[in-house]
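Chemist: Model the following, please.
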Amino acid sequence: MTFELFPEAASTTAKHVDWLYWSLTGLSAIVIALVFVPLLYLAVKYRRGSSADRSLQETATWPIEVTWTIVPLFIVMGVFAWNAVLYFDIERPPANALQINVVGKQWMWKLQHEKGNREINEVHVPLGRTVVLLMTSQDVIHDFFIPAFRVKQDVVPGRYTTEWFTPTRLGTYHIFCAQFCGTSHSRMIGHVHVVRPDDFEKWLTSGAPAEPVVATGARLFRELGCSGCHGASATIRAPKLEELYGKPVPLEGGQIVMADERYLRDSILLPAVQIAAGYQNVMPSFQGRVSEEEVMQLIAYMKSLAANQPGKAIK
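Modeler: Numbering: from 1, shown residues only. The predicted structure follows:
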């Protein structure tokens, strides 16, 4: 039996996180050595009863003081810059990635692929393809953690968070909830299955045919009556969704917000919070009428409308 102190690095992000981790560990070891080795030496040299010279010596200390201030300052600022660059890289999902919707609930992970395939506590992804998880919680705060990929992100009720990775090794890797979420928190686990791209395509088409997320969103859009106000032939004056996603939206009061996933979600569930300039507060709230999964499906449909415009792409 072998004991692995650290999980294998199985994503493009993992190696960068590991380099930073080991650099900080090595730097800490150097600092400990510079502090405690002289401390131990002086403790032994000037112990009670030793014959060491204890006479006062006039020696300029400012060179030492300047050195131990300036050198650590540059080192710490360098580490800070390295951390900041890596943090922003991890927090900014690449464009044109494969999106998977994730809903956390006590105590499971519910996932849905763009082509409609659903999974619980399991997720299949293709090797070498960048994957973005669009995540929210149905109840309390959870945390989607894949140790082998070195990615971890809180999953928060009432808002969307994202997490991305590009797997570099075939295999099966653990998923953990890294935020205490109740009595069965330790059982909220799962697996990521990294497979070859052709095997992934076969998996998507295996079993019962699934309705793509965009198609499901379009169907909900009609069933909920949204097309009566936002459709192309609607008689009620409402914002046109074909020109909405990814663009700035002026609000009543002079504010301007970006029409991202969060804005679309709030417009569905809390329409009175941010009213578009030039429109009345007449849209009803769908809170309690649609689930978190259905909200994600509606948003996917609205994003597809914007993507079909000339020069527009899904982000």
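
Chemist: and the helix or strand harbouring M77, what other elements does it pack with?
Modeler: Assigned by DSSP states H and E, M77 belongs to helix 62-91. The contact analysis (3 or more CB pairs under 8 Å, 6 or more residues apart in numbering; DSSP states H and E) places helix 62-91 against helix 12-45. Any C-beta I mention is one placed from the backbone N, CA and C, and that applies to glycine too.

Chemist: residues of the helix it packs on that come out buried?
Modeler: 12-14, 16-17, 20 (16 or more other CB atoms under 10 Å).

Chemist: Tell me what angle it forms with helix 62-91.
Modeler: 160 degrees (axes from the mean of the first three to the mean of the last three CA atoms, to 10 degrees).

Chemist: Provide the strand pairings for the helix or strand following the helix holding M77, with the direction of each partner.
Modeler: Of the helices and strands lying after helix 62-91 in sequence (DSSP H and E), the nearest is strand 98-105. Here strand 98-105 has these sheet partners by DSSP bridges: strand 108-113 (antiparallel), strand 131-137 (parallel).

Chemist: which residues are in contact with the helix or strand of the chain with the lowest mean pLDDT?
Modeler: Lowest on mean pLDDT, DSSP states H and E among the helices and strands of the chain sits helix 227-230, with a mean of 81. Here helix 227-230 makes contact (CB atoms under 8 Å, 6 or more residues apart in numbering) with 221, 234, 236, 238-241, 283.

Chemist: Now with 7 Å, please.
Modeler: 221, 234, 236, 238-239, 241 (CB atoms under 7 Å, 6 or more residues apart in numbering).

Chemist: circling back: please work out the average pLDDT along the helix holding M77.
Modeler: Averaged across helix 62-91, pLDDT comes to 92.

Chemist: now the helices for the stretch 151-300 of the chain?
Modeler: For the stretch 151-300 of the chain, the helices defined by DSSP state H, counting those that start in this stretch occupy 197-205, 213-223, 227-230, 261-269, 292-307.
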